[in-house]
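In: Quick one, structure for this:
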Amino acid sequence: MTTEKIRIKDVAELAGVSVGTVDRVLHNRPNVSEDARKKVEKALKDMDYRPNVYASALAYNKKYTFCCIMPKHVSEAYWEEIEEGAMAACDKRRDFHVRVKMFYYRRYDIETFVKVTEECLKDKPDGVVVVPSKLAETKHFTDQLHSASIPFILLDSYMPDLRPLSFFGQDSFCSGYFAGRMLMLIAQGQTEIMLMKQMKDGNVASKQQENRETGFRHYMHDHFPDIAIEEVNLPLDVEREKYEEILEEYFETHPNTHHCITFNSKAHLVGDFLLRTNRRDVQIMGYDMVEKNANCVKLGSISFLIAQHGYMQGYSCIETLFEAIVLKKKVNPVNYVPIELLTKENVDFYRRTQL
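Out: I've put the predicted structure just below:
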């Protein structure tokens, strides 16, 4: 008899117990003697019985709500890819009555993070995906999830001390180190590199960006210690017209800068400026395959992009919650996504919705 055709009745006959006893053992219910439990467990092992978890989950007919907490974003941004992936996974599992509810907070407004996490807890979700904010506020939220026995997945920034069910994102230190290695393939012989940041109150948007910069600086220190790294901040709390003045002043006073790098998704801010001002001997390297970045890659003002597979991350987070909560499967605790390099020659072959 194949394991796919084994019935509870067959297990009961081999164990010499009732069908009801087998059912109680399979679902870990009470009112089963120790002797009967051992008989059933032995029969299950001897028959290599594997319950159909999909059929059981469908028969249970429970509704599941997964909450996803992420930064507020505009269209064609990295976060939009994550949201699209999450909704695609939800659609795939619609027969299991899975729904995904999105919550958005403003990156530099900690009060909005606290507010949306409170709203999320009121919904009593079955699982949560969260893009971390500041450590203290994120820990306050995840401690409440632990207290309520609600599993959660961290996305984008890995904070192992928070004890998530799982994590999806790049190894950000390795990503920054890799970025340095790739940049210096074309920037050897230079005396300075411009590092573009976008900060507010002296902080970049995420721990992930900080770790990328740390990895990059480690590479440069190890291999090109004599190259100066010149920082330029395009502040998030000023009008974009101001960026033109900041960049013009920088390049006027740093004529030896021919290569730049940024660890956010806004390389196109510099790329567009270089095109408008006809600085064809300067390029910037950045992150994320959003349309504005891709256009600059094709036109030559962005040298490389590192892709993060946002769609795959969003999809995998919801699918992992589904497997862990609905199907009761073990899941991988740490899932680093590939670090892929996009150039003018291969950018058209990258698919935002690939899995």
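In: Distance check, the nearest residue to residue 280 once chain neighbours are set aside against residue 283.
Out: Nearest residue to residue 280, sequence neighbours excluded (CB to CB, 6 or more residues apart in numbering): residue 300, at 7.3 Å. Where you see a C-beta, it was placed from the backbone N, CA and C, and this is true even at glycine. Distance, residue 300 to residue 283, by CB to CB, to the nearest Å: 7 Å.
In: neighbour-wise, which of those two wins?
Out: Taking other CB atoms under 10 Å, residue 300 and residue 283 do not tie; residue 283 has more neighbours (24 against 13).
In: re earlier: pretty sure the residue nearest to residue 280 contacts residue 344?
Out: Yes - using CB atoms under 8 Å as the test, residue 300 is close enough to residue 344 to be in contact (6.9 Å).
In: What is the helix or strand hosting residue 89 packed up against?
Out: Element membership for residue 89 (DSSP states H and E) is helix 78-92. Here helix 78-92 touches strand 64-71, strand 98-105, helix 310-321, going by 3 or more CB pairs under 8 Å, 6 or more residues apart in numbering; DSSP states H and E.
In: Switch those over to CSV; also include distance to residue 133 and mean neighbour count.
Out: Formatted as CSV, those follow (distance: least, CB to CB, whole Å; neighbours: other CB atoms under 10 Å):
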stretch, distance to residue 133, mean neighbour count
strand 64-71, 9, 22
strand 98-105, 7, 19
helix 310-321, 17, 25
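In: Can I get those in CSV including distance to residue 235?
Out: Formatted as CSV, those follow (distance: least, CB to CB, whole Å):
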stretch, distance to residue 235
strand 64-71, 18
strand 98-105, 20
helix 310-321, 25
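In: Of these, give the one that comes closest to residue 193.
Out: Distance to residue 193, taken as CB to CB, is lowest for helix 310-321 among these, at 26.5 Å.
In: Can you name the residues that contact the residue nearest to residue 280?
Out: By CB atoms under 8 Å, 6 or more residues apart in numbering, the contact set of residue 300 is 280, 283, 344.
In: Ignoring the adjacent residues along the chain, who's closest to the second one?
Out: Taking CB to CB, 6+ apart as the measure, residue 283 lies nearest to residue 303, with 4.0 Å between them; neighbours along the chain are not counted.
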